[in-house]
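the following comprises the amino acid sequence and a computationally predicted model.
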Amino acid sequence: MKESKENTKNELQKINNIKEKNDKELEWYSNATFITNIILIIILINIIMSQSFAVRNEVEITNIIRSLINHNFIYVIALTYFALLKTNIGKKNFNILNILHIGMYLLMTFASFLTIFQSFGINSLLTLCLNFIILIYMSYTFIKQTRYWKELALYKIPFDEIKNEWYLYSIYIISGMILFVNLISAINIDGIILSLLDTTYIVLFCRYIYLYKDYEDSKEHLALAKKNIRKKANKNER
């Protein structure tokens, strides 16, 4: 009996610890003030810098528009995504925004695959690997909270074999390798600055995914701990 009470006390302590952690993460999730603000700033700087470099180098207007569509496509989408998260409409349609964002990365991954046949090299291979891992990481993190997780039977895929930290660190490592290659091959300061901004965005964006995944895992652990407490309480009553 004494051992049972001690176990219950330990379980309650775990619940309180998880709950305290969730309360802290809830502020990030509801307001998304700190990391999303930094991401928005980096996105705006990246778009402005890339277009200003194009204007300064007297690039034709058609090439500037093409650059905006190609290089900045991901940033325009990301800018819209994170800006909407600041509004009530974005928060209410959080899952829909994530699905659309995942669809965008699916197109980017496919484009990276085609790029290998056009210009085969270490940079194109690393970019394909990076986009593929981010696509998997986003799908595992965000689709799991929607009905598509069960409808598409995605739970059968062993996503859980890879820990949250491993996804994050693998993306960091590949991003660092891509940055290293870009810095070596850069012929002017413009390319160096854009490469640094691109890598900074990827690091921050994947950190954002990591935080949300950690938040959802904490909620699952809290629900499981409460369920175990109730089971033990029912057994003691009997």
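Nice, thanks for sending it over.

against Ile171, how distant is the nearest residue in space to Glu216 that is not next to it in sequence?
Closest residue to Glu216 apart from its sequence neighbours, by CB to CB, 6 or more residues apart in numbering: Gln145 at 6.6 Å. Every residue, glycine included, has its C-beta placed from N, CA and C. Taking CB to CB, to the nearest Å as the measure, Gln145 falls 20 Å from Ile171.

isn't Leu130 right up against Val181?
No - with contact defined as CB atoms under 8 Å, Leu130 does not reach Val181; the gap is 11.7 Å.

tell me which of the two has more neighbours.
The neighbour count for Leu130 versus Val181, taken as other CB atoms under 10 Å, is higher for Leu130 (22 against 16).

what secondary structure does the more buried one sit in?
helix (DSSP: H, G, I helix; E, B strand; the rest coil).

any stretches of this structure with poor pLDDT?
Counting by pLDDT under 70, the chain shows low-confidence ranges at 1-33, 53-71, 149-161, 220-238.

could you rerun that using 80?
Low-confidence segments of the chain, defined by pLDDT under 80: 1-34, 50-73, 118-120, 144-163, 186-188, 190-191, 215-238.

now do the helices in it.
Remark: helices assigned in the chain by DSSP state H are 2-31, 34-56, 61-70, 73-84, 88-92, 94-118, 122-142, 148-151, 164-185, 189-237.

quick one, which of Gln145 and Ile171 is more surrounded?
Taking other CB under 10 Å, Gln145 and Ile171 do not tie; Ile171 has more neighbours (22 against 14).

so Ser50 sits against Asn72, correct?
Yes - counting by CB under 8 Å, Ser50 does reach Asn72; the two are 6.1 Å apart.

can you list the buried residues in stretch 135-153?
135-144, 146 (16 or more other CB atoms under 10 Å).

ok, and what's touching it?
Stretch 135-153 has contacts (CB atoms under 8 Å, 6 or more residues apart in numbering) with 95, 98-99, 101-102, 105-106, 109, 154-155, 159, 167, 171, 206, 209, 212-213, 216.

the residues you listed, buried ones only, as a PyMOL selection?
Of those, the buried ones can be selected in PyMOL as follows, counting by 16+ other CB under 10 Å:
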select buried, resi 98+99+101+102+105+109+159+167+171+206+209+212+213+216
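
check contacts around Cys129.
Ile174.

typo on my end, Val203
Contacts of Val203 by CB under 8 Å, 6+ apart are 171-172, 175.

kindly recompute the last result at 6 Å.
Neighbour list for Val203: empty [criterion: CB atoms under 6 Å, 6 or more residues apart in numbering].

for it, give its distance to Ile174.
11 Å.

where do the contact lists of the two overlap?
Common neighbours of Val203 and Ile174 (CB under 6 Å, 6+ apart) do not exist.

for stretch 92-104, which outside residues touch it?
Contacts of stretch 92-104 (CB under 6 Å, 6+ apart): 77, 81, 138-139, 142, 146.

most widely separated two among the residues you listed?
For the contacts of stretch 92-104, the farthest-apart pair by CB to CB is Ile77 and Thr146; their separation is 19.2 Å.

okay, now Ile187: neighbour count?
Counted with other CB under 10 Å, the neighbours of Ile187 add up to 7.

same check, this time on Ser218
19.

and if you look at Trp166?
Trp166: 11 neighbours (other CB under 10 Å).

equivalent analysis for Ile192, please.
So Ile192, with other CB under 10 Å, has 14 neighbours.

tell me how far the spatially closest residue to it that is not a sequence neighbour lies from Gln118.
Of all residues not flanking Ile192 in the chain, Ala186 sits nearest, at 4.8 Å (CB to CB, 6+ apart). From Ala186 across to Gln118, the span is 21 Å (CB to CB).
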